[in-house]
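S.K.: A predicted structure for the sequence below; I have some questions about it.
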Amino acid sequence: MGIEVVVEGLTKSFGRKNIWQDITLTLPAGEVSVMLGPSGTGKTVFLKSLIGLVKPERGSVLVDGVDMVRSRERDVYEARKKFGLMFQDGALFGSMNLFDNIAFPLREHTRKKESEIRRIVMERLEMVGLAGDEDKLPGEISGGMRKRAGLARALVLDPEIILCDEPDSGLDPVRTAYTSQLLIDLNAQIDATMLIVTHNLDIAATVPDNMGMLFRRHLVTFGPREVLLTSDEPVVAQFLSGSRSGPIGMSEEKDAATLAREADDGAPGPLQTVPREVVPQLEPTPGLPERQAVRRRRERVLGMLDQLPPAARRAIEASLPQHTPLPRRVSTTRRPPGTGPEPGVPAAGAESPAPRPPQERP
Amino acid sequence: MTATEQPPPPPDGRPPEPSGPSRPAAPPASGEPPAVRTPLPGLGFLREPGRLFALSVTVVRATFRRPFQVREFIEQFWFIASVTILPAALVSIPFGAVIALQVGSLASQISAQSFTGAASVLVNIQQASPLIVALLISGAAGSAICADLGSRTIREELDAMEVMGVSPIQRLVVPRVLATVCVAVLLNGMVSVVGTLGGYFFNVVLQDGTPGAYLASFSALAQLPDLYISEIKAVVFGFIAGIVAAYRGLNPRGGPKGVGDAVNQSVVITFLLLFFVNMVLTGIYLQLVPPKGA
């Protein structure tokens, strides 16, 4: 099962330019989270600080007891072996063919025999649909294939945390859909904690368990997917509807004058557009094991139901299967020992609920 | 990994300002000291040398840490040797000849022909040979190393390596620096021999010097420490060439053009450092080691 990633008060600037500040969230163990945000809001920098490539000035990123920001370099290197990071363009080694690229972490970190390495690499290549391409150089394949090869390399050490930097950029809608399905299938198979950074609305709507959004150097919100998908916050609503009217402008943000003029013009705000529906989440391909995260998340979300906005609450209740027992019974009867979420762990995010309250259905 | 702990430099190379004022709604610092301290004004020029030095310390420390990348080392060694041997030999022959001719004509002006051999050979071994080696290693191998590391950096390959828990310093930089040092030492021997032979040939054949006097004066004035300092210089110069190339390669500024600039700078910086360090080493040597027969 994946590991929880706890981010607290993270602040990063480059020189005088502040990228984002005071980001606090928790990536729940084994669940899929998505970080949304307009281009240039520092999503990639956020990803890189989780893994310790970029060192923020303030705050901490706790992974299994190691602070990726301030711990000793040796501990950070050790902790990184639990991560798999899929770079935007794959970041494959240009001088090696795909096989050697994907075998690289195995050769560096394990003493496996060459036959064993070959077996694992072929298995991963199969998983991402690149079987038969192992002798090609990264320069000889398309961008989408490079991305998938990068994913295969990130998976080869059986990571417990997988970070994906824009898995959709440069892919056509069909390939994006396949990638979404691949990510969900992966989660079902290895139950790793996943964070996907993207601005693709399809991925955002169908893949994650939890969603967050970065805007204007702040974390707007982070929580269960229903919260963001039903949110009436102007930024979120504008982003999810892909509309031009709202606080997001062509350069990072609109100034007050532009906003006022738009209000005078009576341009339809995102709030007047059709209400968004919460589309159902992707299911793993039939034949794969059920996602463990779904059950854990359901219990966690039901536990914090009273603190969620009404729209989100309705969406969650609508998404529950008919036979789902009430939360009280879930927590007492349905949880096998040792597999449930820790009751003391808040679900994270801007809402940041207090520890689980006594559970009562409203 | 001191080198990677440094905060990234501001794009314009100025010392970072305290980041407080740029943050309109900065959260109250919860008892934490501000992460970026204001450096003393005017000390910004020490930043780059300091980082260079930090990298060299890191490289030396990582050299003794397992696992040692034998394969990468051999590959790099072979590559550097193959691009430097022939040019070094071709440069050293005319260089030895020029020294021999110049010293020979000067010596004959002051009727000291018998010392031509000693003078030209000493100049050759102590000064010319390590410098030729260093210039070639820096120009041929250092530029290649810098371009290689630089393009890997901008393509995020080094980031990817770090993410996989592999230190690029240990995996890539250490073998390269060690290879430049080893090649420099060995190449220095070759260049010394070739340069000396070239000097001998030109002195004896073209300037009608006497072979016996050339060799006799050589053994009268030269001593073993002359050879030692030559090899010590080769080690130091090889190390400088490798470190500077790696440093500029690891820190290119922005895009493919940045890599080109980094290569250019690495060669120029290496040259400047080489001549300065050569001066210092020569001064120290002349103070410490008494000349033979004095």
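M.R.: On my side now, so go ahead.
S.K.: Up against chain B, what does chain A have?
M.R.: Chain A comes close to chain B at residues A:9, A:11, A:13-18, A:21-22, A:48, A:51, A:53-55, A:57-58, A:73, A:77-78, A:80-81, A:83, A:85, A:87, A:89, A:91-94, A:104-105, A:108-109, A:150, A:153, A:157, as judged by C-beta under 8 Å from any C-beta of the partner chain. From N, CA and C alone the C-beta is placed, and that goes for glycine too.
S.K.: if I read this right, B:G255 contacts B:I154, doesn't it?
M.R.: Yes - between B:G255 and B:I154 a contact is recorded at 6.3 Å, counting by C-beta atoms under 8 Å.
S.K.: These two: who's more crowded?
M.R.: B:I154 (16 against 10; other C-beta atoms under 10 Å in any protein chain shown).
S.K.: just checking, that one touches B:R253?
M.R.: No - with contact defined as C-beta under 8 Å, B:I154 does not reach B:R253; the gap is 9.7 Å.
S.K.: Work out for me the element A:A204 sits within.
M.R.: Of the helices and strands defined by DSSP states H and E, A:A204 is found in helix A:201-206.
S.K.: what sits up against that helix?
M.R.: Here helix A:201-206 makes contact (C-beta atoms under 8 Å, 6 or more residues apart in numbering or on different chains) with A:34, A:36, A:167-168, A:173, A:176-177, A:179-180, A:196, A:198, A:211, A:229, A:240, A:242, A:279-282.
S.K.: Next SSE downstream of that helix?
M.R.: Sequence order places strand A:210-215 as the next helix or strand after helix A:201-206, per DSSP H and E.
S.K.: Within its sheet, name the partner strands of that following strand and how each one runs.
M.R.: Strand A:210-215 pairs in its sheet with strand A:32-36 (parallel), strand A:218-224 (antiparallel), by DSSP bridges.
S.K.: next SSE after the last one?
M.R.: As assigned by DSSP H and E, the chain's next helix or strand after strand A:218-224 is helix A:225-229.
S.K.: Same question for the first one.
M.R.: Toward the C-terminus, strand A:32-36 is succeeded by helix A:43-50 as the next helix or strand (DSSP H and E).
S.K.: Looking at the following helix or strand past that next one now, give me its mean pLDDT.
M.R.: Going down the chain from helix A:43-50, the next helix or strand is strand A:58-63, by DSSP H and E. For strand A:58-63, mean pLDDT rounds to 89.
S.K.: for the helix or strand following strand A:58-63, packing partners?
M.R.: For strand A:58-63, the succeeding helix or strand toward the C-terminus, using DSSP H and E, is strand A:66-67. Under the contact definition 3 or more C-beta pairs under 8 Å, 6 or more residues apart in numbering or on different chains; DSSP states H and E, strand A:66-67 sits against helix A:73-80.
S.K.: okay but B:G249 is in contact with B:G260, surely?
M.R.: No - using C-beta under 8 Å, B:G249 is not in contact with B:G260; the gap is 11.7 Å.
S.K.: Between those two, which has more neighbouring residues?
M.R.: Counted by other C-beta under 10 Å, B:G249 and B:G260 do not tie: B:G249 has more neighbours, with 28 against 15.
S.K.: So for the more buried one, what's the nearest residue that isn't a sequence neighbour?
M.R.: Nearest residue to B:G249, sequence neighbours excluded (C-beta to C-beta, 6 or more residues apart in numbering or on different chains): B:L149, at 3.0 Å.
S.K.: what's in contact with the longest helix along chain A?
M.R.: Ranked by number of residues, the top helix in chain A under DSSP state H is helix A:173-190. Taking contacts as C-beta under 8 Å, 6+ apart, the residues outside helix A:173-190 that touch it are A:30, A:32, A:127-129, A:144, A:147-148, A:151, A:155, A:158, A:162, A:164, A:167-168, A:171, A:192, A:194, A:196, A:200, A:202-203, A:206-207, A:282-285, A:288-291, A:293.
S.K.: Alpha carbons only: can I get it in PDB?
M.R.: Backbone C-alpha positions of helix A:173-190 (Å, rounded to 0.1, in the frame of the first residue of the first chain) are rendered in PDB as follows:
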ATOM      1  CA  PRO A 173      -7.900  12.700 -26.700                       C
ATOM      2  CA  VAL A 174      -8.000   9.000 -27.300                       C
ATOM      3  CA  ARG A 175      -4.500   8.400 -26.000                       C
ATOM      4  CA  THR A 176      -5.300  10.700 -23.000                       C
ATOM      5  CA  ALA A 177      -8.300   8.400 -22.300                       C
ATOM      6  CA  TYR A 178      -6.000   5.400 -22.500                       C
ATOM      7  CA  THR A 179      -3.500   7.100 -20.200                       C
ATOM      8  CA  SER A 180      -6.300   7.800 -17.700                       C
ATOM      9  CA  GLN A 181      -7.400   4.200 -17.700                       C
ATOM     10  CA  LEU A 182      -3.700   3.100 -17.400                       C
ATOM     11  CA  LEU A 183      -3.300   5.200 -14.300                       C
ATOM     12  CA  ILE A 184      -6.400   3.900 -12.700                       C
ATOM     13  CA  ASP A 185      -5.400   0.300 -13.500                       C
ATOM     14  CA  LEU A 186      -2.000   0.900 -12.000                       C
ATOM     15  CA  ASN A 187      -3.600   2.100  -8.900                       C
ATOM     16  CA  ALA A 188      -5.700  -1.000  -8.700                       C
ATOM     17  CA  GLN A 189      -2.700  -3.200  -9.200                       C
ATOM     18  CA  ILE A 190      -0.100  -1.700  -7.000                       C
END
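S.K.: Return the set of buried residues in it.
M.R.: Applying a neighbour-count criterion of 16 or more other C-beta atoms under 10 Å in any protein chain shown, one finds A:175-188, A:190 buried in helix A:173-190.
S.K.: right, and B:T84 touches B:S143 too?
M.R.: No - in this structure, B:T84 is not within contact of B:S143 by C-beta under 8 Å, at 11.6 Å.
S.K.: Not counting sequence-adjacent ones, nearest residue to B:G150?
M.R.: Leaving aside its sequence neighbours, B:G150 sits nearest to B:V259 (C-beta to C-beta, 6+ apart; 3.7 Å).
S.K.: what about the one you found, how many neighbours?
M.R.: The local packing of B:V259 (other C-beta under 10 Å) involves 24 other residues.
S.K.: in what helix or strand does it lie?
M.R.: Using DSSP H and E, the element containing B:V259 is helix B:255-288.
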